[in-house]
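Chemist: All I have is the shape, not the residue letters:
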């Protein structure tokens, strides 16, 4: 069977853009299967785009083609690319930071710039359009690749992996009974905040389920939250409304309010300026 | 053909959770067909989860496998189950009230607790994760069942139907030209409120299309709305902005504002504390 | 292969309506492929429904069956129809203005009123329901048509194209270095506003990429915005936060704020009362 196409964008489903994009895929090859990854990436947020690829990709069959279109630079000279990951997935995306996590934590084995002269939609009054590469370039090229009409080599010219545009990443630091990191991303639905601290490192530092370490959160250095907080496996070990440190779905340390929104309740967000410190004693 | 998988959750599509879950399904069996039921069940609202299953299930082909993940108790000892309904559908869900309507108005013929030792996802760094049974347990087990890799019996041990966790339900009462019930659920998009009063009972009580009965709504006993209101077949029989009592898509009595939101306009919600009385005279 | 069904409604995914509708399709024919166009058309907005059909249809394979359910008059005597476009698509929809753009800019070759006596869902306690033609009539009839169970002729009786209900449309006017039109629709996600001015006409009037014409916007005649604004191919040619006139995905002149919302920033909307004037000098 032909590989699945998984799409993520910041388009939302409020108007006809996703529909037009998917029509292009089906017009290239009626048999291709399309799955919505998410169309609710925050607008222009290539960091979130990068994180969402990393969050879900490994659960898909090898060979799956991801199309990621968070593209504030559409129509300007930023590169339009297809990357191949070391574990065998394809990502069709602007080269604008959207590949940061895959590059750092999965590995990219090869990247090619899409040759617009052959892999861009023709006709249907689209040639003069510069603002919708999701439809005219990324969806079209991805469909050709997934359908086998072009090989990966025929996407366009290879360029050096080291030229891929990356966001800076922040590594956590630790000592005995002490961890420091950042909130690197959020769960925008439930209001949980996810740190960059791997559970394995946290346990190695001496923390154990059932502990009540002190959680200190600083925004640009200023303390905005400080409490002793339960560390446990899941939300339900805390009382309803209580803060809990837990192990998230990617085996990283995260913070939630049981059946509530940690982010909203305490007015906290994510990013390098949101520093997290957890002390055992 | 293999049965379809219909998913409903309170995850929304804002981040990568649904995408990861669906990847698990496709990794079990590339051929399985996935349909979004809804991912916008209100958070932790197992009553709504139960209602939405009941609302749509009978329109699907027999044998369809529903996966319902509204799961505030994830990672705690609540049961993870697969139920078989009397009309031949499967529901993969936490046993936490989400089966209330199917139990009461359709019937459940058999229920089994998912055996995590064999029907939980292995590898991909998921073994230590306790907070995402949608991905690691429900989607995975449902995919195995739908693909035929396991039989219903191989899901896990059967347990008594009478042990299924149920929400309390409220029955309407009626006399000649009088009905009393509650708003049991809402239409959160259009702002309509749906009572627990079957149309058949309403007609038997003497109400007829074209009547203008008195609609009285009490919140915990206190009158919050009282008007003579048209009862008719559809919204368009009322003027734009006017309140109308109508027969909803499940043949129950409901209340709307034509081309407006009844719920927002009059600040009304649903639940057992929202009592509805309709008097013919 | 059987034609794809593309759905658009104003139902949202907040409850079980879309799920019930799709179940009906799969119960008619398990093989049919369903795609979400959008379920977030603004409520009762048949103008937007019409525009979204026009925006995406041509990108789909010929023969694709569109089901459009924005239906404030459901259950009243408005016609339920299936139209065939001149370029070979089918549209299943209430005849309530939702066909305006296809009629004017694509052409409709034939339209038939759905015969409810044969092409409406039977059983499942739906016969008495008047408020959900999306499920009971449009989805069911569309599925029968796409599956080949009925021919287009068997949908119901043909009626004259000239009887199709249409919204009024507004044509732009132009002179040398001058264009007048309206904002005819929005991009509700990014906050861009799209005029009814074709790019070709704009260029013919003497405007060129790189120009800074004066953009004047009137609301019912009163000036609400007036600035010299860059006209260019894509957002990124303007500074972040700057207004830009650009060529949109349908080759029409549109206005945006680069990485911001033009509509929100300047409190502007669309409709015939929002007049746009662009002067070169």
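Modeler: Received the coordinates, thanks. No experiment lies behind these values; they were computed from the predicted model shown.

Chemist: First-to-last residue distance for stretch A:113-120?
Modeler: For stretch A:113-120, the first-to-last residue distance is 12 Å (Cα to Cα, to the nearest Å).

Chemist: Kindly report the same for stretch A:125-141.
Modeler: 18 Å.

Chemist: Let me see the contact set for residue A:215.
Modeler: By Cβ atoms under 8 Å, 6 or more residues apart in numbering or on different chains, the contact list for residue A:215 reads A:225-229, A:243, A:245, A:255, A:276-278. C-beta coordinates here come from the backbone N, C-alpha and C atoms, glycine included.

Chemist: List the ones among the residues you listed that fall in strands.
Modeler: Among the contacts of residue A:215, the members falling in strands (DSSP state E) are A:225-228, A:243, A:245, A:255, A:276-278.

Chemist: residues from the stretch 1-150 of chain A in reach of chain B?
Modeler: A:1, A:4, A:6, A:8, A:35-40, A:51-52, A:55-61, A:64 (Cβ under 8 Å from any Cβ of the partner chain).

Chemist: Could you list the low-confidence segments of chain A?
Modeler: Applying pLDDT under 70 to chain A picks out no residues at all.

Chemist: Which ones among the contacts of residue A:215 also lie next to chain C?
Modeler: Counting by Cβ under 8 Å from any Cβ, no member of the contacts of residue A:215 reaches chain C.

Chemist: can you redo the residues you listed as CSV with distance to residue C:24 and neighbour count?
Modeler: Shown next, in CSV, are the contacts of residue A:215 (distance: Cβ to Cβ, whole Å; neighbours: other Cβ atoms under 10 Å in any protein chain shown):
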residue, distance to residue C:24, neighbour count
A:225, 50, 19
A:226, 55, 12
A:227, 51, 13
A:228, 54, 11
A:229, 49, 20
A:243, 45, 20
A:245, 46, 24
A:255, 44, 26
A:276, 49, 24
A:277, 55, 17
A:278, 52, 27
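
Chemist: Can you tell me which of the residues you listed is closest to residue C:147?
Modeler: Comparing those against residue C:147 with Cβ to Cβ places residue A:255 closest, at 50.7 Å.

Chemist: still on that earlier bit, from the residues of the stretch 1-150 of chain A next to chain B, which would you call buried?
Modeler: Neighbour counting with 16 or more other Cβ atoms under 10 Å in any protein chain shown marks A:4, A:6, A:8, A:35-40, A:51-52, A:55-61, A:64 as buried within the residues of the stretch 1-150 of chain A next to chain B.

Chemist: Okay, and which of those residues map to helices?
Modeler: In helices, defined here by DSSP state H, the members of these are A:51-52, A:55-56.

Chemist: Which two among those are spaced furthest apart?
Modeler: Greatest spatial distance among these (Cβ to Cβ): A:51 and A:56, at 9.9 Å.

Chemist: if I look at these two, which residues touch both of them?
Modeler: Shared contacts of residue A:51 and residue A:56, defined by Cβ under 8 Å, 6+ apart, comprise residue B:16.

Chemist: May I see the buried residues of the helix or strand hosting residue A:109?
Modeler: Following DSSP states H and E, one finds residue A:109 within strand A:108-113. Neighbour-count burial for strand A:108-113, counted by 16+ other Cβ under 10 Å, picks out A:108, A:110-113.

Chemist: what's next to it, contact-wise?
Modeler: A:79-86, A:95, A:99, A:102, A:152-153, A:155-159, A:161, A:164.

Chemist: All the helices of chain A, in order from the start?
Modeler: Using DSSP H, the helices of chain A run over A:17-28, A:46-56, A:100-101, A:116-119, A:133, A:140-147, A:199-204, A:262-265.

Chemist: so does the fourth one get close to chain C?
Modeler: No - taking Cβ under 8 Å from any Cβ as the criterion, helix A:116-119 and chain C are apart, separated by no less than 13.9 Å.

Chemist: Same question for the fifth one.
Modeler: No - judged by Cβ under 8 Å from any Cβ, helix A:133 makes no contact with chain C; its nearest approach is 9.4 Å.

Chemist: can you give me how far that helix is from the chain middle?
Modeler: 20 Å (Cα atoms, centre = their mean, to the nearest Å).

Chemist: Please apply the same query to the third one.
Modeler: Centroid separation between helix A:100-101 and its chain, computed with Cα atoms, centre = their mean, is 8 Å.

Chemist: do the longest one as well
Modeler: Its chain's C-alpha centre and that of helix A:17-28 lie 23 Å apart, by Cα atoms, centre = their mean.

Chemist: Return the list of helices and strands in contact with that helix.
Modeler: Contacting helix A:17-28 under the criterion 3 or more Cβ pairs under 8 Å, 6 or more residues apart in numbering or on different chains; DSSP states H and E are the following elements: strand A:5-9, strand A:34-38, helix A:140-147, strand C:5-9, strand C:34-38, helix C:46-56.

Chemist: next one: the last one
Modeler: With contacts defined as 3+ Cβ pairs under 8 Å, 6+ apart, helix A:262-265 has these neighbours: strand A:192-198, strand A:252-257.

Chemist: Take those strands and lay them out in a markdown table including distance to residue A:270.
Modeler: Converted to a markdown table, the helices and strands packed on helix A:262-265 look like this (distance: least, Cβ to Cβ, whole Å):
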| stretch | distance to residue A:270 |
| --- | --- |
| strand A:192-198 | 6 |
| strand A:252-257 | 11 |
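
Chemist: excluding its backbone neighbours, what's nearest whatever residue of chain A ends up closest to chain C?
Modeler: With Cβ to the nearest Cβ, the shortest gap between chain A and chain C falls at residue A:75, namely 2.7 Å. Nearest residue to residue A:75, sequence neighbours excluded (Cβ to Cβ, 6 or more residues apart in numbering or on different chains): residue C:234, at 2.7 Å.

Chemist: Over to residue A:253?
Modeler: Closest residue to residue A:253 apart from its sequence neighbours, by Cβ to Cβ, 6+ apart: residue A:197 at 4.2 Å.

Chemist: quick one: the one you found from residue A:179, how far?
Modeler: Residue A:197 is 5 Å from residue A:179, where distance means Cβ to Cβ, to the nearest Å.
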